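Visitor: let me see the structure of the following:
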Amino acid sequence: MTVDDALTTLLAVAAVAAVAPLVVGLLPRWHVPQVVVLLAGGVVIGPHALGWGSPSTIEPFVNLGLGFLFLLAGYELDYAALRARPGQLAIVGWAVSLVLAIGVVGALEALGFVRAFVPVALALTTTALGVLLPILRENDMLGGRVGSQVVAAGAVGELFPIIAIAVFLGANGEFVGLVSLLIVAVVALLLSLAPRLIRGRRTETVILAGENSTTQTTLRGTIFLLLLLLVLAARFGLDVVLGAFLAG
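Guide: Next up, the predicted model:
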């Protein structure tokens, strides 16, 4: 892969991203979610259609783009709601999904259709929060009752399978997965304590003073935090979604 190939693919992706909201705006009666247009555009510019891009050329940008998406998801997630009824219902719903998945996959394994029992069962409990978020945001549903329920369920469906996989690896003697999860959790905890450590000090004054100026201190710090946790998650073999969520 050359730099020219990567830039060409990036240009095609940027074109799809620019055209998608125009298509949605020009077809208001169709009520097509923008994410659907983006997915269709990705198919059109892909190797099986126009051939303007390929997975290998776009790969360096995938994790970064996914990271920014789930950074926003983590930022918009109401952690008080997770401790309240929406979060409790989301956890119960995920547990019910897990039980149903175990039953279905167990039957499929008995019939010889499934060989990897736990990974397939966990895959059936995951959610596509990254797809749901843009739709909810476009329809101003994130702040409502439905939005809080969906975001809570989506967050649980994204994070719990990742945690379950790490625990599964640890239970099977591959403690690297479990230890990696604990390390990332400790780093996230330490970073969450950072604002308390600088509160009332000159560092906080400098950060707040540059927040709305050209220096954009909080924006730079957020991007640094995102990249730091993405790198940690990747180095320890965890899903980048976990790092991005923690950054948010």
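Visitor: ranges for the helices of this structure?
Guide: 3-26, 34-45, 55-76, 79-83, 85-110, 117-123, 129-138, 145-171, 175-198, 202-209, 217-235, 240-247 (DSSP state H).
Visitor: pick the most deeply packed of these.
Guide: helix 240-247 (a mean of 25; mean count of other C-beta atoms under 10 Å). No exception for glycine: its C-beta is placed from N, CA and C like everyone else's.
Visitor: now that one: mean pLDDT?
Guide: Averaged across helix 240-247, the pLDDT comes to 68.
Visitor: could you find the closest non-adjacent residue to residue 87?
Guide: residue 152 (5.1 Å; C-beta to C-beta, 6 or more residues apart in numbering).
Visitor: okay, the one you found and residue 90: tell me how far apart.
Guide: 4 Å (C-beta to C-beta, to the nearest Å).
Visitor: let's see stretch 152-168 as PDB, backbone CA atoms only.
Guide: What follows is stretch 152-168 as a C-alpha-only set of coordinates in PDB (Å, rounded to 0.1, in the frame of the first residue of the first chain):
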ATOM      1  CA  ALA A 152     -27.800   2.200  28.100                       C
ATOM      2  CA  ALA A 153     -28.700  -1.100  26.400                       C
ATOM      3  CA  GLY A 154     -26.300  -0.400  23.600                       C
ATOM      4  CA  ALA A 155     -23.400   0.500  26.000                       C
ATOM      5  CA  VAL A 156     -24.000  -2.700  28.000                       C
ATOM      6  CA  GLY A 157     -24.200  -4.700  24.800                       C
ATOM      7  CA  GLU A 158     -20.900  -3.300  23.600                       C
ATOM      8  CA  LEU A 159     -18.900  -3.500  26.900                       C
ATOM      9  CA  PHE A 160     -20.100  -6.600  28.600                       C
ATOM     10  CA  PRO A 161     -19.100  -9.000  25.700                       C
ATOM     11  CA  ILE A 162     -15.600  -7.500  25.700                       C
ATOM     12  CA  ILE A 163     -15.300  -8.000  29.500                       C
ATOM     13  CA  ALA A 164     -16.800 -11.500  29.100                       C
ATOM     14  CA  ILE A 165     -14.200 -12.500  26.500                       C
ATOM     15  CA  ALA A 166     -11.400 -11.300  28.700                       C
ATOM     16  CA  VAL A 167     -12.800 -13.300  31.600                       C
ATOM     17  CA  PHE A 168     -13.200 -16.300  29.300                       C
END
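Visitor: can I see the domain layout of this structure?
Guide: 1-53, 54-247 (automatic domain parsing).
Visitor: ranking the ones you listed by mean pLDDT, which is last?
Guide: Taking the mean pLDDT of those, domain 54-247 comes last: a mean of 74.
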